[in-house]
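J.: Generate a structure from the sequence data that follows.
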Amino acid sequence: MVRDLGRLDLGKMGKMARFDQMNPPNRHIQTLEGPSLVELHRYSAKQMGQGYDRPREFKIMSALRDLIITAGVAAGVVTMALSGQAALAFDGTPTQTKPLSLEAISPSEALRYGARQYYSGDKAGALNSLRYAAENGQPMAAWKLGEMYASGDGVKEDDLKAFEYYSQIVREHGDDRPEAPDAPFVASAFVALGNYYLNGISDAVPQNVARARQIFTHAASYFGDPQAQYELGRLYQDSSSRMAVRWYNLAALKGHVGAQARLGETLFTQGHDDERKARGLMWLTIAHRRAHGQDSGWINALHEQYFGLASEAIRGRARAMADTWIDHNPAAVMTASTPALQ
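T.: As a prediction, the model looks like this:
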C-alpha cells in the first residue's frame, strides 16, 4: 500500500495551490488527500466565475522540441564531460583529466543531455540522466520518467513507479503558476494521478473515484487543462448532464477532439429543439473532421449515428455552424485532441 505522505490543501489556497512540504524519506511516493467535494466545487466555481479558466493550448510537445534544440547546442560540452575525454594543454599535448559523473553537471544540463540520449535511441543512458535531473528538481524529467514507466518505453512497465514520479511532480511543483514554463507537465501529472486513482493500481493504490474527481477538478480549474476537463465531463456524464456539458464545453473550445464529440452527443440527446440538436451535431461534425488515429473509430461512429437521426434541415444548419467555428478558431483546430505524451 502506498503511504499517504502529503495532502492537496485547496481549502487554504489563495491564488495558488499549496502542498505540504513533508520531504519524506522516499521523495517519490506521495498520495494526495484533498478537501471535500463541496470545497473543491466552491473553489472551482469561484475561479471560473472570475474568468480564471481561460483557453490555453497544451504545449508539452513544443516544449520538448525546444529542449532538443537547446540540447544540440550544449551537446558537445556535456558529452565531453560525461565521456571523460582529455582536454588539450596550451602546448597542444593532452592533459590527464578525471572522467566526470552526472553530479559534475547541472540538473538542467542533465535534462537536456537525457533528452538528446532518448531521442537518439539510447534510452538506457537517458534513464540515468533523467533520474539525476528529476531527483534535483526538474519536473520535465520526472514527467518523462513517469511516461516511460507507464508505457514500458525503454523500461519494464511499472505503474507504481510512474505513479511515484507523477506524485513527485505534484508535491514539488503543484503550486507553480499556470503560466510557468513547466505548468503543462505539472497539469499532465495531475491528470495521470487522477486516472490512477480512477482505476487503481493492484496491491498499491486503491480505486478512489472521489479522489480522482478532486484531482481532475484542480487540474481543470487551476491549470485550465483540457484533458482534465474532458475527464471530468466523463465522470459527470451519467449523473449530471449540466456539469458534463460545462466541462466538455471548456475542453472543446480549446480543441480537444474527444470533448467535442462527447459535447455534441450530450447536446443532441438532451436537445428539446432543433437549434440545440443542430449545435450538438455541429460539435460532432467538427470532431469528425478532425479525428485521427485511435480516436477516429469511435468518433466517426458517433457522428454517423447522430447524423442519421437528424433531419436534413438540422444537418445543413450543423454543417454551416461547423464551417464557421473552424474558420474562426484556427488555433483550437491545430490543438491536439489530447496531450501528446510521446
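J.: looking at the chain, which helix or strand does the model trust least?
T.: strand 18-19 (a mean of 27; mean pLDDT, DSSP states H and E).
J.: Would you map the helices across the stretch 201-342 of the chain?
T.: 209-221, 226-236, 241-253, 257-270, 274-290, 296-309, 312-328, 330-334 (DSSP state H, counting those that start in this stretch).
J.: Lowest average pLDDT across these?
T.: Among the helices of the stretch 201-342 of the chain, helix 330-334 carries the lowest mean pLDDT, at a mean of 74.
J.: list the buried ones in that one?
T.: By neighbour count on 16 or more other CB atoms under 10 Å, the buried set for helix 330-334 is A332. The way it works is simple: take the backbone N, C-alpha and C, and place the C-beta from them, glycine included.
J.: check contacts around R289.
T.: With contact set as CB atoms under 8 Å, 6 or more residues apart in numbering, R289 has these partners: 322, 326.
J.: make that L235, sorry
T.: 209, 212-213, 216.
J.: P107 is in contact with R131, isn't it?
T.: No: judged on CB atoms under 8 Å, P107 makes no contact with R131 at a distance of 10.8 Å.
J.: Can you pull the residues that touch both of the two?
T.: With CB under 8 Å, 6+ apart as the test, P107 and R131 both reach A141.
J.: Distance-wise, check R290 relative to E304.
T.: Distance of R290 to E304, given as CB to CB, to the nearest Å: 16 Å.
J.: Neighbour count for the two, which is higher?
T.: Each of R290 and E304 has its neighbours counted (other CB atoms under 10 Å); R290 has more, 20 against 12.
J.: didn't that one look like it was pressed against V257?
T.: Yes: in this structure R290 lies within contact range of V257 using CB under 8 Å: 5.2 Å.
J.: Highest neighbour count among the contacts of L235?
T.: Highest neighbour count within those, by other CB under 10 Å: F216, with 29 neighbours.
J.: That one against R234, yeah?
T.: No: checked against CB under 8 Å, the pair F216 and R234 is beyond contact range at 9.2 Å.
J.: and T269, what is it in contact with?
T.: Neighbour list for T269: G280 [criterion: CB under 8 Å, 6+ apart].
J.: From Q214, how far out is it?
T.: Counting by CB to CB, the gap from T269 to Q214 is 28 Å.
J.: quick one on the thing from earlier: now tabulate the contacts of L235 in JSON lines and tack on distance to A187.
T.: What follows is the contacts of L235, written out as JSON lines (distance: CB to CB, whole Å):
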{"residue": "V209", "distance to A187": "20"}
{"residue": "A212", "distance to A187": "15"}
{"residue": "R213", "distance to A187": "16"}
{"residue": "F216", "distance to A187": "11"}
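J.: Grab the two from these that are most spread out in space.
T.: Greatest spatial distance among the contacts of L235 (CB to CB): V209 and F216, at 10.3 Å.
J.: could I get the helices of the stretch 201-342 of the chain as CSV with distance to G125?
T.: Output for these, formatted as CSV (distance: least, CB to CB, whole Å):
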stretch, distance to G125
helix 209-221, 32
helix 226-236, 30
helix 241-253, 37
helix 257-270, 35
helix 274-290, 37
helix 296-309, 36
helix 312-328, 44
helix 330-334, 34
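J.: Compare the ones you listed and give me the one nearest E147.
T.: helix 226-236 (13.8 Å).
J.: and E109, which of the three is it?
T.: Under DSSP: H, G, I helix; E, B strand; the rest coil, the three-state class of E109 is helix.
J.: Give me the pLDDT value at it.
T.: Looking at E109, its pLDDT stands at 93.
J.: mind checking how far it is from I169?
T.: Computed with CB to CB, the distance linking E109 and I169 is 20 Å.
J.: Over to R177. Which of the three states is it?
T.: coil.
J.: That one: neighbour count?
T.: 14.
J.: go on, D158?
T.: Using other CB under 10 Å, D158 has 14 other residues around it.
J.: quick one: contacts for the nearest residue to it once chain neighbours are set aside?
T.: Leaving aside its sequence neighbours, D158 sits nearest to Y149 (CB to CB, 6 or more residues apart in numbering; 4.8 Å). Listed by CB under 8 Å, 6+ apart, the contact set of Y149 reads 155, 157-159, 161-162, 165.
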